[in-house]
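> I need the structure of the sequence given here:
(one chain, ligands or ions: 1)
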Amino acid sequence: MTISKQPSFTTIAIDGGAATGKSSTARGLAARLCYLHVDTGSHYRALTLLCQRHGFAPDDVEGIQNLLANNPLGTEVDLAACDAKITVDGSVPADSDLRSDAVNASVSKYAAQPAVREALKEYQRGQKAVAIAKGFGGLVMEGRDIGSVIFPDAELKIFLEADEATRAARRAKDGQTDAIAERDRMDSTRKTAPLTCPKGAVRVDNSRMSLAEVIEHIAAMVKQ
Ligand code: DC
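Numbering: from 1, shown residues only. As a prediction, the model looks like this:
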C-alpha cells in the first residue's frame, strides 16, 4: 500500500476592529508567502450594497433571505495579486462603492443580521477550496470572526490592535468618513459572531510599528 503525502496547507486568520490595519497587513502577508488573501469585510460590504440597491432594509429578514437565495455569490481570483474578490449580481463591485459613506454607515447593521452571516459562512469556508484549486499553499483571511467562527482550527490566529488616535489618522489619510468607535461597538456587541479576540490568537498592537515590521513579525511566526 502506498500512502501519498498531502501537500500541507496553512490557514491564517487575522481579526481586529475597524482601521487596525487588517487589510494592508493581510494583503502584504499573503503576497509575501504566496498565499491567497481574502478580505471578508468586503463580503459584508458587497452584500450591504446588494441589499441597498434592491431596497432591503437591514431588518427585512425575509426580503434579504429571498434576495440572497436568488443571487449566487461568486469569486474572482487575481493570481498575480494573490487576491480573491467576491462577485454579486455577476461582477466584482467597485471599491469606491464598497467604501462609500452610505455603506460605511450601515454595513454593521447588515453584518449583525444572521441571514447575511449564514449566507457568508459557507462562502467564506469555501475559499479554502478555491485557494487549493488555484495552487496556493495557504490562505490569509481577515475579518472579525475568522479565528472564532469561520476557521477556529486555523494554524495561526492573529488579533490586530491599534490605539484610537492611530486608527482615526489612518481613516483620515484614506479620505474616508467612518465612525470607527461606533462600528466597533456594534460589531462587538451583536448576538451573532461578535468581534472578539479568538481563543488561541496572538495579539499584535501595531500602533508603533510600520506595515513592513508587522508583516515580518507575523511571517516569522508562520516560519516557526
Ligand atoms: O473590515 P471592514 O471595515 O471592511 O468590515 C466592514 C464591516 O463588516 C464591519 O463593520 C463588520 C463587518 N464584518 C463582520 O461582521 N465580520 C467579518 N468577518 C468581517 C467584517
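> every contact and neighbour count from this point should use C-alpha atoms.
Fine.
> contact residues of this protein facing the ligand?
18, 40-42, 44-45, 107-108, 111, 143-146, 183, 187 (CA under 6 Å from any ligand atom).
> closest one of these to S8?
I146 (20.0 Å; CA to CA).
> surely the closest one and I14 touch.
Yes - contact status for I146 versus I14: in contact at 6.9 Å, counting by CA atoms under 8 Å.
> returning to that earlier point: of the residues of the chain next to the ligand - the most surrounded one?
I146 (29 neighbours; other CA atoms under 10 Å).
> where does this structure have low pLDDT?
Applying pLDDT under 70 to the chain flags residues 1-7, 175-178.
> for it, just list every one of the helices.
Remark: helices assigned in the chain by DSSP state H are 22-33, 40-53, 61-69, 95-98, 101-111, 114-125, 127-133, 164-173, 180-189, 211-223.
> what's the second one packed up against?
The reference is to helix 40-53. Packing partners of helix 40-53 (3 or more CA pairs under 8 Å, 6 or more residues apart in numbering; DSSP states H and E): strand 83-87, helix 95-98, helix 101-111, helix 114-125, strand 138-143.
> report the contact partners of A84.
Contacts of A84 were listed using CA atoms under 8 Å, 6 or more residues apart in numbering, and they are 36-39, 75-78.
> should've said E155
Taking CA under 8 Å, 6+ apart, one finds 10-12 in contact with E155.
> ranking those residues by neighbours, who comes first?
Within these, neighbour counts (other CA under 10 Å) peak at I12, which reaches 26 neighbours.
> okay, and which of the contacts of A84 map to strands?
The strands, defined by DSSP state E, take in 36-39, 75-78 from the contacts of A84.
> picking that back up, can I get the contacts of E155 in a markdown table with distance to D153?
Converted to a markdown table, those look like this (distance: CA to CA, whole Å):
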| residue | distance to D153 |
| --- | --- |
| T10 | 10 |
| T11 | 8 |
| I12 | 10 |
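> out of those, who's nearest D95?
I12 (24.1 Å).
> and the residue nearest the centre of the chain, how far from E164?
The centroid of the chain falls nearest to T40 when counting by CA atoms, centre = their mean (2.5 Å). To E164, T40 is 22 Å away according to CA to CA, to the nearest Å.
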